[in-house]
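Colleague: fold the stuff below for me.
(one chain, ligands or ions: 2)
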Amino acid sequence: MRVTALLLTFLLAACEADPPEQTAHRRAWTIMGTTLEMTVYRPQGDDAAADFEAAYAEIETVDQLMSLYRSDSELTILNTSRGGAAFAVSPYTLDVIQASQHFSEVSAGAFDVSVKPLIDLWGFYDVATASLPDETDIAKALMVTGVDQVALSDTSVRLTEGAALDFGAIAKGYAVDLAIAALQTRGVRSAMVNLGGTIGVTGPHPDGSPWRIGLQHPRQAALMATVELSTGAVATSGDYDRFFEVDGRRYSHIVDPRTGWPVSGMASVSVVAPNATTADAVSTAAFVLGADDGIDLLNACNAITGLSAAIASDGGIDVAYTEAAGVLTVAVEDAANLPDPNRGVQCVWPPG
Ligand code: AMP
Ligand code: MG
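Modeller: Ligands and ions are numbered 1, 2, ... in the order given. Coordinates of the predicted model:
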């Protein structure tokens, strides 16, 4: 009797230690002006259709609320509403504005969703027709740019007259986090959501191995680094997505809200963070701050790591890495000189 009970216990323990085989399900969509890919692991025989549906619905909601390419999105309606009036917004939009204010603060204003008048002026919504603006127009756009143009209450937002918001630097990350949360709520333990290079993962692969994410070199058809991640997110900001050239000079879509000019001298910044909202916003912020201040920000931020690729005076690319924090596997030669960690800034949003 005692032997049988012991045997049963042993068998149960063996069953627990040996979970059912997991199968990877993959699907791709086009949304938010880019490609969305998801991988979801489910026990063999299970269907992932409802997982995909739940996760996709979140991303679609963000697109419907925050796209500037939709005349009926909440953001477009907010941007075209009368300045100075309180405008009731959805909890998601409120969340993104709150997060944006946090990222503006930690980056000393380099990250700023009120850059829309500048992006309009420079023509980055349609680079095919873009040209250099006048300095006087840049000065005018700068007068309606800045955190002081946006006031928040618990349910509404108030923009000063002429101010307008662009969530292009944070909405993809926010959407990825919502999709990952939807998958987790459905009991998914291992998944990846990749929205145009803004990537969130939950759980390692079922065999315990991390996800391996290659970071594209900004100028070569090669990887610059590989990130190994079991949970968290990666995002990249670059000068190669959306830009125009005048007299051989590249003007790309990330603007410095302190000068009103597109950032120059940077090719890309990649950030690894606990969530995709943070990775997305902080990569844009560090790109604006430039090679030195950008890497300083990444080094100062708790729980964040990354790399920046600056354009050297000879036109080559200078790569700088943060202290690696165990998640960034650097696949290039010159990774020996990692800067000293000097952390303490709470960059991750939401905090805690
Ligand atoms: P990302 O690719 O995430 O770095 O986001 C770049 C997009 O964010 C641009 O295409 C603009 O729509 C917007 N943007 C440009 N400059 C800034 C800035 N300084 N702060 C916040 N958003 C910006
Ligand atoms: Mg971004």
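
Colleague: make it CA atoms for all contacts and neighbour counts henceforth
Modeller: Noted.

Colleague: could I get the full set of helices for the stretch 251-352 of the chain?
Modeller: 276-300 (DSSP state H, counting those that start in this stretch).

Colleague: need the contact list for the residue of the stretch 151-300 of the chain found nearest ligand 1.
Modeller: Here the residue of the stretch 151-300 of the chain nearest ligand 1 is Ala169; by Cα to the nearest ligand atom that distance is 3.2 Å. Residues near Ala169 by Cα atoms under 8 Å, 6 or more residues apart in numbering: 113, 280-281, 284.

Colleague: what subset of those residues is also close to ligand 2?
Modeller: 280-281, 284 (Cα under 5 Å from the ion).

Colleague: neighbours around the residue lying closest to Val255 once chain neighbours are set aside, how many?
Modeller: Spatial nearest neighbour of Val255, chain neighbours left out: Pro262 (3.9 Å); criterion: Cα to Cα, 6 or more residues apart in numbering. Applying other Cα atoms under 10 Å, we find 20 residues neighbouring Pro262.

Colleague: let me see the contact set for Pro262.
Modeller: 251-256.

Colleague: and the residue of the stretch 151-300 of the chain closest to ligand 1, how far is that from Glu60?
Modeller: Note on Ala169: its distance to Glu60, by Cα to Cα, to the nearest Å, is 17 Å.

Colleague: and for Gln98?
Modeller: For Gln98, the distance to Glu60 - Cα to Cα - is 21 Å.

Colleague: in what helix or strand does Glu161 lie?
Modeller: Per DSSP states H and E: Glu161 is located in neither a helix nor a strand.

Colleague: how many neighbours does it have?
Modeller: 15.

Colleague: and the pLDDT for it?
Modeller: In this model, Glu161 is scored at 97, pLDDT.

Colleague: that one contacts Thr80, doesn't it?
Modeller: No. Contact criterion Cα atoms under 8 Å: Glu161 and Thr80 do not qualify, at 9.8 Å.

Colleague: how about the residue nearest to the spatial centre of the chain, what does it touch?
Modeller: Of all residues in the chain, the one closest to the mean position by Cα atoms, centre = their mean is Asp280, 2.0 Å from it. Neighbouring residues of Asp280 by Cα under 8 Å, 6+ apart: 169-170, 172-173, 198, 234-237, 271.

Colleague: and with 10 Å instead?
Modeller: Applying Cα atoms under 10 Å, 6 or more residues apart in numbering to Asp280 gives the contacts 168-174, 197-199, 233-237, 270-273.

Colleague: now Trp122
Modeller: Going by Cα under 10 Å, 6+ apart, the list of residues near Trp122 reads 116, 129-134, 137-138, 244, 251-253, 255, 260-262.

Colleague: ok, now Gly203?
Modeller: By Cα under 10 Å, 6+ apart, the neighbours of Gly203 are 184, 188-192, 209-211, 229-232.

Colleague: not counting sequence-adjacent ones, nearest residue to it?
Modeller: In space, Gly203 is closest to Ser190, 4.6 Å off (Cα to Cα, 6+ apart).

Colleague: how many other residues sit next to the one you found?
Modeller: Neighbours around Ser190, by other Cα under 10 Å: 24.

Colleague: tell me, which of the contacts of Pro262 make contact with ligand 1?
Modeller: Filtering these for neighbours of ligand 1 using Cα under 6 Å from any ligand atom leaves 253-256.

Colleague: using JSON lines, lay out those together with neighbour count and distance to Met66.
Modeller: Output for the ones next to ligand 1 among the contacts of Pro262, formatted as JSON lines (neighbours: other Cα atoms under 10 Å; distance: Cα to Cα, whole Å):
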{"residue": "His253", "neighbour count": "23", "distance to Met66": "18"}
{"residue": "Ile254", "neighbour count": "26", "distance to Met66": "18"}
{"residue": "Val255", "neighbour count": "25", "distance to Met66": "20"}
{"residue": "Asp256", "neighbour count": "22", "distance to Met66": "22"}
